[in-house]
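>>> Give me coordinates for this.
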Amino acid sequence: MSRVGKHKIDIPSGVQSSLVGNVLSFKKGNIAESYVVPLCIKIEKTDNSVLFIPLNSEKQTRSLWGTTQRNVSNMVKGLDKGFKIDLEMVGVGYKAAVSGRKLTMQLGYSHDIEYEIPEGVKIECPKPTIVSISGHSKKQIGDIAAFLRSYRKPEPYKGKGIMKSGEFVYRKEGKKK
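Residues are numbered from 1 along each chain as shown. Have a look, this model is predicted:
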């Protein structure tokens, strides 16, 4: 039995919602999101809440039940408050800067790395070693953070690399003579 799926999702007053068939749509201002709910899950929608109920007790249906609830919940939360991830760069000469719709990073390679910022995402550099990514889609923000992190993953010997703020990197002891 899903512990996540049985919770109802409260829709804030600023977010408009609509249900057509098995497609849930949410809108706030000029930002619109929609989610196609699997046919094995029933939707009970009221004016300010949404509840999902599985139609059978198969394993596939139960797993989709919790996933659907969490995805829709993240959509509503993203439209209401938004999401933010901070990345820290640790290393000599590692820095980043935003100019227009491009993020330029210097990560110890022979060339600068330029990243085109997609629509719906805001990237800022409050300090040269901190990149702040914010937007309304949790998946998109997480994908961008993972992609930027892949250029220099944290390494365990010196602790250098790009990591989420507050992330713990297990440090290893180097070779002994």
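>>> Where does pLDDT dip in the protein?
For the chain, the stretches with pLDDT under 70 are 1-2.
>>> Show the residue spans covered by the helices in it.
With DSSP state H as the criterion, the chain has helices at 59-80, 138-149.
>>> Flag every buried residue along the longest one.
Counting neighbours by 16 or more other C-beta atoms under 10 Å, one finds that the buried residues in helix 59-80 are 61-62, 64-66, 68-70, 72-80. Heads up, the C-betas are built off the backbone N, CA and C, glycines and all.
>>> Just the residues contacting it, thanks.
Residues from elsewhere that reach helix 59-80, judged by C-beta atoms under 8 Å, 6 or more residues apart in numbering: 1-5, 7, 9, 11-12, 14-15, 24, 26-28, 31, 33, 35, 37-38, 40-41, 50, 52, 54-55, 83, 135-139.
>>> Could you rerun that using 6 Å?
Contact with helix 59-80 is made by 2, 4-5, 9, 11-12, 15, 26, 28, 33, 35, 37-38, 40-41, 52, 54, 136-138, as judged by C-beta atoms under 6 Å, 6 or more residues apart in numbering.
>>> Going through those, which ones are buried?
Counted by 16+ other C-beta under 10 Å, the contacts of helix 59-80 give 2, 5, 9, 11, 15, 26, 28, 33, 37, 40-41, 52, 54, 136-138 as buried.
>>> Give the full set of residues in contact with the spatially most central residue of the chain.
For the chain, the residue nearest the mean C-alpha position is residue 138 (2.7 Å; C-alpha atoms, centre = their mean). Residues near residue 138 by C-beta under 6 Å, 6+ apart: 74, 78, 83.
>>> Kindly recompute the last result at 10 Å.
70-71, 73-75, 77-78, 82-83, 85 (C-beta atoms under 10 Å, 6 or more residues apart in numbering).
>>> Looking at those residues, which one is closest to residue 164?
Proximity of these to residue 164 (C-beta to C-beta) peaks at residue 85, which lies at 6.4 Å.
>>> Domains in this protein, by residue range?
9-80, 83-164 (automatic domain parsing).
>>> Reformat those as TSV; add distance to residue 173.
Listed next are the domains of the chain as TSV, based on distance: least, C-beta to C-beta, whole Å:
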stretch	distance to residue 173
domain 9-80	40
domain 83-164	8
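>>> returning to what we had before: I'd like to know how far the residue nearest to the centre of the chain sits from residue 22.
Residue 138 sits 22 Å away from residue 22, going by C-beta to C-beta, to the nearest Å.
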